[in-house]
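Next come a sequence and a model predicted from it.
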Amino acid sequence: MSNEKAVLHIKGKEKIELPIINSTVGPGVIDIRKLRESGYFTFDPGFLSTASCESKITYIDGNKGILLHRGYPIEQLATFADYLEVCYILLYGQKPSKKEYEKFKSTVTHHTMVHEQIANFFQGFRRDAHPMAVMCGVVGALAAFYHDSLDVNNDIHREIAAYRLLSKMPTLAAMCYKYSIGQPFIYPRNDLNYAENFLYMMFATRCEDYKVNPVFANVINKIFILHADHEQNASTSTVRLAGSSGANPFACISAGIASLWGPAHGGANEACLNMLEQIGTIHNIEKFLEKAKNKNDSFRLIGFGHRIYKNYDPRASVMRKACHDVLRELNIQDPLLDIAIELERIALTDEYFIQKKLYPNVDFYSGIILKAIGIPRYMFTVIFAVSRTIGWIAHWNEMHSDSKNRIGRPRQLYSGEKIRKFD
Ligand code: CMC
């Protein structure tokens, strides 16, 4: 808390002094908690100017294109870290020692199996169900299996739930895929790392040995890291709000998955590939750009723009390079990538996109990578959900560790009918 104050004059009469709270880095906030005593609320649909909570986990400077997790730059994490190291950092606040990392990795690895009864849940879904719908149901249903760790006020319970979710998400995601193609589920293997294990459960069959391609595992590790957390985005805020009522962690993460699914958020990776296919050829790019710029057309250039980044999304820079590396290493010529590169080039020089500061975001390239390694499009957002689970858990845990935590209860600007008689 600083000694500086913001002064608010209401209708020229009332004068309210509001404390300013400085952040460690980046903009501070005006603490409006006592404003309600004046009889007014603030109005900020979409939370463009509102900090919904205090957090120590992730910092973003959207103008400079900076993303830090617990102070560590995303570029360094994506280049040098293993996904589970990043999970540890998000959860515990700093880089683990070798011993801490080994213990963490071993605990996560040894909890990747799911209860055998969970397989029965899948039978209730149509094979062509969208796997995000299945994930919402199955992750929420985990609460029915773990009554022993649902006390959200108990630090140990919260930690156990965190490990369970982190460990089991890839298993459930791979089960969704296997179910969709009518193949038997594959159990996890404890000798593989997190990314390898996911690919193994996705692509191995019971009929023959399967060796995970190290190029695929490396890039999945990178994709997991780049999606691990992104401060108070829609799905994380959903998890916090759901959790603020004391709801169990599995229900909260299920709510986060539902929020992530939207095409303006995590659903964008799937939608972006659909769009590139719809564009079809480089010659059609101009036509689609015009549609994106047309106020009367609801079409948007998916994979472009971000609420926070008004500069290049630092995750997109890493992803762009990874995308080129993977396609080169696998010797894949993908016409969709040619369209993506040309689209990026044209959009970045277009006055509309320059003026509105619309740069490619993380989802612009991730779909092309996932497609190159054989992951079907309907699984893209599930992979985002697997990666983001640690961010959701870290925020949920941080919220419950904060003694100031209260149930989230936004107010509204009422514009409906005044009282009237029902007769
Ligand atoms: N194509 C064309 N115009 C756009 C786009 C776009 N992709 N994004 C924003 N605009 C325009 C928008 O029409 C508006 O114009 P105006 O000021 O004239 O009304 C202006 O730019 C500001 O847009 P906004 O909708 O007010 O911005 P927002 O912060 O509410 O929305 C966004 C951010 C990501 C939802 C939006 O940019 C968008 O819909 N992008 C496409 C979907 C997408 O790629 N989503 C993935 C986000 S990154 C992954 C994640 O973190 O979930």
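The structure has been received and is ready for your questions.

For the residue of the stretch 301-423 of the chain found nearest the ligand, grab the count of nearby residues.
At 2.4 Å from the ligand, residue 305 is the closest residue in the stretch 301-423 of the chain, using C-beta to the nearest ligand atom. From N, CA and C alone the C-beta is placed, and that goes for glycine too. For residue 305, the count of nearby residues is 20 (other C-beta atoms under 10 Å).

And residue 88, which helix or strand is it part of?
Applying DSSP states H and E as the criterion places residue 88 in helix 83-92.

rewinding a little: contacting residues for the residue of the stretch 301-423 of the chain closest to the ligand?
356, 358-359, 361 (C-beta atoms under 8 Å, 6 or more residues apart in numbering).

one more time with 7 Å, if that's ok
358, 361 (C-beta atoms under 7 Å, 6 or more residues apart in numbering).

what's the answer for residue 392, then?
Going by C-beta under 7 Å, 6+ apart, residue 392 touches 235-236, 239, 253, 256.

swap in residue 367?
If you count contacts by C-beta under 7 Å, 6+ apart, then residue 367 has 269-270, 272-273, 380 around it.

10 Å instead, please
268-276, 302-303, 319, 323, 336, 340, 375, 377, 380 (C-beta atoms under 10 Å, 6 or more residues apart in numbering).

Tell me the helices and strands packed up against the top helix by length along the chain.
Secondary structure of the chain per DSSP state H: the longest helix is helix 155-181. Helices and strands touching helix 155-181, by 3 or more C-beta pairs under 10 Å, 6 or more residues apart in numbering; DSSP states H and E, are helix 83-92, helix 98-109, helix 118-123, helix 131-141, helix 194-203, helix 249-260, helix 380-401.

Buried ones in the helix holding residue 88, by neighbour count?
By 16 or more other C-beta atoms under 10 Å, the buried positions in helix 83-92 come out as 83-91.

could you give the angle of the longest helix of the chain to helix 380-401?
Helix 155-181 and helix 380-401 are oriented at 170 degrees to each other (axes from the mean of the first three to the mean of the last three C-alpha atoms, to 10 degrees).

Which positions in helix 155-181 come out as buried?
Neighbour-count burial for helix 155-181 [16+ other C-beta under 10 Å]: 157-180.

Helix 83-92 and that helix, what's the angle between them?
Going by the same axes, to 10 degrees, helix 155-181 is angled at 140 degrees with respect to helix 83-92.

OK, contacts around residue 275?
The contact partners of residue 275, by C-beta under 10 Å, 6+ apart, come to 263, 268, 288, 292, 299-303, 336, 339-340, 343, 367.

let's go with 6 Å and repeat that
Neighbour list for residue 275: residue 302 [criterion: C-beta atoms under 6 Å, 6 or more residues apart in numbering].

Now the longest strand that the chain contains: average pLDDT?
Counting residues, the longest strand found in the chain (DSSP state E) is strand 14-21. What strand 14-21 shows for mean pLDDT is 92.

Also stretch 395-405?
Rounded mean pLDDT across stretch 395-405 is 94.

contacts for that stretch?
Residues contacting stretch 395-405 (C-beta under 6 Å, 6+ apart): 152, 158, 236, 239-240, 243, 252.

tell me the domain ranges of this protein?
Under the assignment the TED database, the domains of the chain span 5-51, 73-405.

chain center to stretch 18-25: distance?
27 Å (C-alpha atoms, centre = their mean, to the nearest Å).

measure it end to end?
End-to-end distance of stretch 18-25: 21 Å, with C-alpha to C-alpha, to the nearest Å as the criterion.

Repeat that for stretch 188-205.
End-to-end distance for stretch 188-205: 12 Å, by C-alpha to C-alpha.

Count the neighbours of residue 40 for me.
By other C-beta under 10 Å, the residues close to residue 40 number 14.

same check, this time on residue 82
Residues near residue 82, counting by other C-beta under 10 Å, number 17.

list the contacts for the nearest residue to residue 266 once chain neighbours are set aside?
Closest residue in space to residue 266, ignoring its immediate chain neighbours: residue 260 at 3.7 Å, by C-beta to C-beta, 6 or more residues apart in numbering. The neighbours of residue 260, taking C-beta under 6 Å, 6+ apart as the test, are 235, 266, 385.

ok, now residue 196?
Neighbours of residue 196 in contact, by C-beta under 6 Å, 6+ apart: 212, 217.

average pLDDT across the helix or strand residue 222 falls within?
Residue 222 belongs to helix 214-226 when assigned by DSSP H and E. When pLDDT is averaged along helix 214-226, the result is 96.

residues from the stretch 301-423 of the chain in reach of the ligand?
301-307, 356, 358, 361-363 (C-beta under 6 Å from any ligand atom).

From the residues you listed, which land in strands?
Among those, no member falls in strands (DSSP E).

Same list, these, but as CSV with distance to residue 389 please.
CSV is the format used below for these (distance: C-beta to C-beta, whole Å):
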residue, distance to residue 389
301, 28
302, 23
303, 23
304, 26
305, 25
306, 21
307, 21
356, 32
358, 29
361, 20
362, 17
363, 18
